[in-house]
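Engineer: Sequence and predicted structure below; questions after.
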Amino acid sequence: MIFKQLFDQNSSTYTYIVANRIGGEALIIDPVLENSQKYITLLEELDVKLLKAIDTHIHADHFSALSHLRDSLNCVTVMGEQSNADIVSIRIKDNDNISIDGITLKAIYTPGHTDDSYCFLMDNILFSGDTLLIRGTGRTDFQNGDPALQYESLFKKILKLPDNTLIYPGHDYKGDTVSSIYEERRYNPRLQIKSKEEYINLMNNLNLPNPRMMDLVIPKNVKIGFKQEFIENNNLSLDHSVASQNENEFCFVDLRDESEIKSEGMIKNSIHISYSDFIVNSNEAIEKINELKQDKKQVVLYCAHGERSAIILEKFYKKIVNVKHLKGGFSLWKRNNN
């Protein structure tokens with residue numbers, strides 16, 4: 001397995017790159033915008049293809065690299081369903097799985113530091129974001145933070161993991177790189193409390209200064225943005241109302257992961273060709289699309305919110321002509337067809 005822990009000096013942020021093998025698929029957790037080219041170069045050196053970029057929450061101390069990596073490498077962006085970021089490809093919830101070739105992360109919703117905070121469990125490794133730090137815990141005094149919720153996240157979820165679970169945090173300010181559930185339960189000073197009330201009082205009296213760029217960083221990280229000028233200029237969008245009223249006239253292709261389909265369902269009679277298939281095995285996926293076009297129905301690609309389908313159409317426009325994408329994706333379809 002490939003496992004890289006990268007450190008950003010300015011924000012004391014840890015970023016993680018994980019892949020099952022050289023030449024395989026990779027994911028990245030909590031990437032920092034200023035280090036984007038460093039990540040891209042490292043991915044090329046490792047000969048891995050970045051498929052998923054994950055933020056554990058909306059950050060207040062650094063600019064996220066999610067949109068830059070998406071635009072540069074066509075990767076899928078992933079955040080919790082509670083996030084108010086404007087454009088995210090996959091919005092996960094508690095206990096969802098995030099998978100690439102040979103790697104699966106289990107999402108654990110851990111509100112407290114912020115209301116959209118998640119940790120991710122990979123076998124005996126926990127990427128703990130800003131929820132649990134080494135000999136500390138994430139502050140709870142902004143972005144809808146709540147010490148009572150963080151207490152529940154820590155003591156009813158995270159600290160119930162096996163003692164040998166390794167902790168890889170989202171930050172460190174002392175040079176530490178890894179800990180364990182056993183160590184943190186035993187030696188973390190913020191966890192040596194006797195009640196929820198004591199923890200709330202502790203966290204409410206830290207009196208920490210705000211991150212120095214918070215007022216600039218949070219609005220930028222919320223407005224990830226996604227350019228769809230190409231789609232609109234080439235009339236490649238299909239409105240959900242037209243699609244639902246004339247359903248039999250279309251051949252729908254679902255680009256989402258199998259886990260998303262299992263959780264949310266799909267449009268009736270859809271064909272499944274995943275986004276990953278397009279990125280990893282593009283020639284085979286394109287051939288399947290062109291075969292579907294022989295049925296004389298309008299082929300329509302869709303994903304959760306319209307991001308992945310738009311990327312595919314722009315990237316492979318000349319190879320899959322006369323194909324459209326479903327504006328707003330399956331989430332909008334589902335809201336308007338229930």
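Structural biologist: In hand now; what should we look at? Numbers count the residues shown, from 1 in each chain.

Engineer: Mark out where each domain of this protein begins and ends.
Structural biologist: 2-222, 229-336 (automatic domain parsing).

Engineer: Kindly reformat those domains as a markdown table containing mean pLDDT and mean neighbour count.
Structural biologist: Every residue, glycine included, has its C-beta placed from N, CA and C. Converted to a markdown table, those look like this (pLDDT from 0 to 100; neighbours: other CB atoms under 10 Å):
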| stretch | mean pLDDT | mean neighbour count |
| --- | --- | --- |
| domain 2-222 | 96 | 19 |
| domain 229-336 | 90 | 18 |
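
Engineer: Packing partners of the helix or strand containing Met79?
Structural biologist: Assigned by DSSP states H and E, Met79 falls within strand 76-80. Applying 3 or more CB pairs under 8 Å, 6 or more residues apart in numbering; DSSP states H and E, one finds that strand 76-80 contacts strand 49-54, helix 66-73, strand 90-92, helix 307-315.

Engineer: Tell me which of those sits nearest to Ile134.
Structural biologist: Ile134 sits nearest to strand 49-54 of all these, at 20.4 Å, using CB to CB.

Engineer: Now do the strand holding Met79 against strand 49-54, angle only.
Structural biologist: 20 degrees (axes from the mean of the first three to the mean of the last three CA atoms, to 10 degrees).

Engineer: Direction included, what does strand 76-80 pair up with?
Structural biologist: strand 49-54 (parallel), strand 90-92 (parallel) (DSSP bridges).

Engineer: so what's the closest residue to Ile87 other than its chain neighbours up against?
Structural biologist: Spatial nearest neighbour of Ile87, excluding adjacent residues (CB to CB, 6 or more residues apart in numbering): Phe226 at 4.3 Å. Taking CB atoms under 8 Å, 6 or more residues apart in numbering, we find Phe226 in contact with Ser67, Arg70, Ile87, Glu307, Ala310.

Engineer: May I have the secondary structure class of the residue nearest to the last one when sequence neighbours are not counted?
Structural biologist: Pointing back at Ala310 there. Once flanking residues are discounted, Ala310 sits nearest to Ile231: 5.0 Å by CB to CB, 6+ apart. Following DSSP: H, G, I helix; E, B strand; the rest coil, Ile231 is assigned to helix.

Engineer: surely Ile231 meets His325?
Structural biologist: Yes: between Ile231 and His325 there is a contact at 6.6 Å, judged by CB atoms under 8 Å.

Engineer: okay, and the common contacts of those two?
Structural biologist: By CB under 8 Å, 6+ apart, the residues touching both Ile231 and His325 are Ser237, Ala310, Leu313.

Engineer: Next one: the first one from Ile90, what distance?
Structural biologist: Think Ser237. Using CB to CB, to the nearest Å, we find Ser237 at a distance of 21 Å from Ile90.
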